[in-house]
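Asker: pasting the structure only:
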C-alpha cells in the first residue's frame, strides 16, 4: 500500500511510520520540519499540498491511506485566561492543515477503492474543560470536518474515521518522568495498531474511542 502520513516527524507519526514500514508498505512521511527524512511540506500552503498530491499521483499512481497526525496543544488555567492567539495557532495546526490535505487528496482516496483516512482527536472535543476551550474547540472542528469528509467518501469504498484518545504517551515521556503512570493515555504504538486496523473494517464516519 501507499501510505501518506502528515505530521510524520512527531511521536505518533513516527510510530505509524514504523508500523507500516515494518509491514512492507510504502510510506510517504510529510512534516514541515523535514526531520527524520520526511518531505518538508508546509501543510498551511494549499498550493504546496496540492503539488504533493500531484507528485504522489505521478510517482505512485494511487494513495491507499492518508493519516493526519499533525498535533499541538495550548491551554490555560481558567477560561478567562484563554488566549485567542492560542486559538489561532490551534486552528491552523489542527483544522487548516486538515482541510488542505483532505481537499487535495480526496480524488486519490476515492479512486483507490479502499482508501483510508484518519485523524486523532481527544476526549476534550466532547467534554472540554475551561482551560481547554481553544484546544477542545479546534478538535471538535477537526472532527466535524472529518465526518463531512466521510460523507463525501460514502459509496466509494474509501472511509474517514476519528480515533479518540485522552492523550498520547511514548517512551520518551516515560523516560523523562519514570514516576508517572499516565492513566488513560494511549501509547503511540497502540494508536498505530488501531490505525492499521482501519483496513479490516468498512466503518465510515465513526468516532473510535481508544480510551475504553
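Answerer: Received it, and whenever you're ready, just let me know what you need. On a predicted model such as this, the values are computed, not experimentally measured, just so you know.

Asker: spatially nearest residue to residue 18, not counting backbone neighbours?
Answerer: residue 192 (7.1 Å; C-beta to C-beta, 6 or more residues apart in numbering). The C-beta positions use only the backbone N, C-alpha and C, and glycine is treated the same way.

Asker: what packs against the helix or strand hosting that neighbour?
Answerer: Secondary structure from DSSP states H and E places residue 192 in helix 188-196. Counting by 3 or more C-beta pairs under 8 Å, 6 or more residues apart in numbering; DSSP states H and E, the packing neighbours recorded for helix 188-196 are helix 11-22, strand 159-165, strand 168-169.

Asker: and the residue nearest to residue 18, what does it touch?
Answerer: 12, 15-16, 18-20 (C-beta atoms under 8 Å, 6 or more residues apart in numbering).

Asker: where do the strands sit along the chain?
Answerer: All strands of the chain, identified by DSSP state E, fall at 2-6, 26-30, 65-68, 116-122, 159-165, 168-169, 186-187, 207-209.

Asker: any idea which of these gets closest to residue 86?
Answerer: strand 116-122 (15.3 Å; C-beta to C-beta).

Asker: and the angle for the closest one with strand 159-165?
Answerer: Per axes from the mean of the first three to the mean of the last three C-alpha atoms, to 10 degrees, the angle that strand 116-122 makes with strand 159-165 is 20 degrees.

Asker: quick one: list the elements packing against strand 116-122.
Answerer: strand 65-68, helix 97-112, helix 133-153, strand 159-165.

Asker: how about stretch 135-152: buried residues?
Answerer: Buried positions in stretch 135-152, judged by neighbour count with 16 or more other C-beta atoms under 10 Å: 135-143, 145-147, 149-150.

Asker: is it true that residue 152 touches residue 106?
Answerer: Yes - judged on C-beta atoms under 8 Å, residue 152 makes contact with residue 106 at a distance of 6.6 Å.

Asker: show me the contacts for residue 72.
Answerer: If you count contacts by C-beta under 8 Å, 6+ apart, then residue 72 has 89-90, 93-94 around it.

Asker: may I ask which of those residues has the most neighbours?
Answerer: Neighbour tally across the contacts of residue 72 (other C-beta atoms under 10 Å): the maximum, 27 neighbours, falls on residue 94.

Asker: next up, the contacts around the residue lying closest to that residue once chain neighbours are set aside.
Answerer: Excluding the flanking residues, the one nearest residue 94 by C-beta to C-beta, 6+ apart is residue 138, at 4.4 Å. Residue 138 makes contacts with 87, 90-91, 93-95, as judged by C-beta under 8 Å, 6+ apart.

Asker: how near is residue 138 to residue 91?
Answerer: Distance of residue 138 to residue 91, computed by C-beta to C-beta, to the nearest Å: 6 Å.

Asker: for stretch 184-194, buried residues please.
Answerer: Within stretch 184-194, the residues that count as buried by 16+ other C-beta under 10 Å are 185-189, 191-192, 194.
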